[in-house]
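Q: Give me a model of this one.
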Amino acid sequence: MKVRLFLAILVFALTLSAYAQMPASSVPLAVRSELSRRYPDAKTTVWSKNDGNYDARWISKADGPTTATFTTFGAFVGVTTVTPVKFLPAAVSGYVKSHYHSAIAEARKNVSVVGKITYRIKTSAGKTVVFDQDGKCLSR
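A: Below is the predicted model:
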């Protein structure tokens, strides 16, 4: 488990270095304030802009690599965290094995502002698949 967490953090750190980063001073105050209010442990944050929204990335003590997304006005859009495979809905593993004949290499849990949960899975074969909270495949 510690090895997987270390690898997830390493991949997250490498992703951050390749991502279009921006200085915190370029992020609207409303966005930075909302991040601090919602996630007080987000001290070392890397900011980027994606599809008009601001993404804040940091390593959470509780959840590991975390990304929170906010609108330009500071409205919370959603949060993404790395999740262990054992916490995925049972149907996800079976679907990946039967349709892709491969194991799950990485799993991320996305929670939207309205509480909608989706899982973004990367297989060991490099495919990305999205599932809903019940394990139903949403996209291939």
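Q: where exactly do the helices run in the protein?
A: Taking DSSP state H as the criterion, the chain contains helices spanning 2-18, 29-38, 90-100.
Q: worst average pLDDT in the ones you listed?
A: Among these, helix 2-18 has the lowest mean pLDDT, at a mean of 52.
Q: Can you tell me how far the residue nearest to Lys43 when sequence neighbours are not counted is from Leu138?
A: Nearest residue to Lys43 in three dimensions, chain neighbours excluded: Trp58, at 7.2 Å (CB to CB, 6 or more residues apart in numbering). For the C-beta atoms, the positions are set from N, CA and C on the backbone; glycine is no exception. According to CB to CB, to the nearest Å, Trp58 stands 27 Å off from Leu138.
Q: Please apply the same query to Ser112.
A: Per CB to CB, Ser112 is found 13 Å from Leu138.
Q: what bridges to Ser139?
A: Beta-bridge pairing of Ser139, defined through DSSP bridges, involves Val130.
Q: And for it, the neighbour number?
A: 9 (other CB atoms under 10 Å).
Q: Let me know the pLDDT of it.
A: Ser139 is given a pLDDT of 84.
Q: What distance do you get for it to Lys127?
A: Noted for Ser139: a distance of 11 Å to Lys127, by CB to CB.
Q: ok so, going back, show me the contacts for the residue nearest to Lys43.
A: Contact analysis of Trp58 by CB atoms under 8 Å, 6 or more residues apart in numbering lists Tyr39, Asp41, Ala42, Lys43, Thr44, Thr45, Val46, Thr66.
Q: do Tyr95 as well
A: Tyr95 neighbours (CB under 8 Å, 6+ apart): Val129, Phe131, Gly135, Cys137.
Q: So for this structure, the centremost residue is which one?
A: Closest residue to the average C-alpha location of the chain: Thr80 at 2.8 Å, with CA atoms, centre = their mean.
Q: you'd agree it is up against Ala107?
A: No: using CB atoms under 8 Å, Thr80 makes no contact with Ala107, being 10.8 Å away.
Q: okay but Ser26 is in contact with Trp47, surely?
A: Yes: using CB under 8 Å, Ser26 is in contact with Trp47, at 7.3 Å.
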